[in-house]
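S.K.: coords below, sequence missing:
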């Protein structure tokens, strides 16, 4: 094999077989390291032509490169992509179908706008899916600062409805993912990195509070706590596990205590909680949502349209029956069976993402998927509770309620899927003490 008797020539030939540029940048340096180690071993034995012997032992460069190309390819998650698109399409169809007769009552019901949102959501899903983790890792700090700047801009430009900056609410929904990127920048920085990880949550929490969007703040605190605990358990900061874990629990617990204190001293929040628990105490005020939802559920059937008593129609009586209470409308119009099918299908989607997350090699990929799964899961739980009559805090059921919200959520799911797409070349060398490039290449070569 004289034409490939040097390491550089061998690497060039093997690299030509690897079609994915991202994989080539990762695998070829590992292959070089293995060849150089083998050459050095031959030199230590006083063998002549050590470099030639090293490349001969590795095998035919074309075969090696072809096998590495087979192993290291982008792997689109067609099943998860198809399930996400199908669920979002079903949500769009249900939104239009269930409310088709109420267009005169609710001007926001627009089939064309719903269809456009679905198409934009598919585009956001595809864009997120092809964005590799290396891009997020490289621009993690810029993403964090940009999210805060975008929130400030949206807060200033968006219309104020009921004291809430509408556009800003869509930005702060992304904060769990933004915080996952921030947490990635704190790796292996010791207690200083630990402090930065905790401090990074404060500006995001303040932005949620100022929007104001209490639900997004709850999402951020819960997701941030889980991410920090996960990071401590993996010794992400390089200072051991238990001391930083206790610090995280103490700090986040203190922040949660402050949040609870503010809620307890907020008359509006306490009235909302009282109305959720005992709606009959305020039937024409905050308890109206819960009582009306429970009234609709009481007449629901397992399959088919339920009964409704009263002088006014369901659409005229049930507030937000086309948005916040769309699941209640689904139960009333189609029955408990279709409602359970929707909820279980969404649970399968989240469960599928969670299972794949456990096999993710990159820490950033794991952080990203955990953030997306928790964000969507918490949102779904609050939405189901609201639609079943516990009306403490409303939430839009993911991919089903809200046009703009669905586009944002599909984009975030696409980012989560991008973590799986490039899993074969996922690397966190600087933070994973068990990283062994020579071992990884050797395993691949033994498969030939």
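M.R.: Right, received. Where do you want to start? Because the structure is predicted, anything quoted here is derived from the model rather than measured.
S.K.: so what's the residue nearest to residue 220 when sequence neighbours are not counted up against?
M.R.: Nearest residue to residue 220 in three dimensions, chain neighbours excluded: residue 175, at 5.0 Å (CB to CB, 6 or more residues apart in numbering). All C-beta spots, glycine's among them, are computed from the backbone N, C-alpha and C. For residue 175, the set of contacting residues under the criterion of CB atoms under 8 Å, 6 or more residues apart in numbering consists of 147, 204, 207, 208, 216, 219, 220.
S.K.: Same check on residue 411?
M.R.: For residue 411, the set of contacting residues under the criterion of CB under 8 Å, 6+ apart consists of 121, 124, 125, 127, 128.
S.K.: just the buried members of the residues you listed?
M.R.: Applying 16 or more other CB atoms under 10 Å to the contacts of residue 411, the neighbour count classes 121, 124, 125, 128 as buried.
S.K.: Residue 410 is in contact with the second one, correct?
M.R.: Right, the one you point to is residue 124. Yes: under the contact definition of CB atoms under 8 Å, residue 124 touches residue 410, with a separation of 5.1 Å.
S.K.: returning to what we had before: may I see the contacts of residue 175 arranged in a markdown table, with neighbour count, distance to residue 82 and secondary structure as well?
M.R.: Listed next are those as a markdown table, based on neighbours: other CB atoms under 10 Å; distance: CB to CB, whole Å; DSSP: H, G, I helix; E, B strand; the rest coil:
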| residue | neighbour count | distance to residue 82 | secondary structure |
| --- | --- | --- | --- |
| 147 | 22 | 30 | helix |
| 204 | 24 | 33 | helix |
| 207 | 26 | 35 | helix |
| 208 | 24 | 33 | helix |
| 216 | 28 | 29 | helix |
| 219 | 25 | 27 | helix |
| 220 | 26 | 30 | helix |
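S.K.: TSV please, covering those residues and showing pLDDT.
M.R.: Putting the contacts of residue 175 into TSV (pLDDT from 0 to 100) gives the following:
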residue	pLDDT
147	92
204	92
207	89
208	88
216	88
219	89
220	90
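S.K.: Pull the most distant pair out of those.
M.R.: Put simply, by CB to CB the two of the contacts of residue 175 set farthest apart are 147 and 219, 14.2 Å from each other.
S.K.: circling back to that earlier point, show me which of the contacts of residue 411 is closest to residue 45.
M.R.: The shortest distance between residue 45 and any of the contacts of residue 411, using CB to CB, involves residue 128 and amounts to 51.6 Å.
S.K.: show me what contacts the closest one?
M.R.: For residue 128, the contacting residues are 410, 411, 412, 413, 414, 415, 416, 417, 418, taking CB under 8 Å, 6+ apart as the criterion.
S.K.: so it is in which element?
M.R.: helix 111-129 (DSSP states H and E).
S.K.: buried ones in that helix?
M.R.: When neighbours are counted by 16+ other CB under 10 Å, the buried residues of helix 111-129 are found to be 114, 117, 118, 120, 121, 122, 124, 125, 126, 128, 129.
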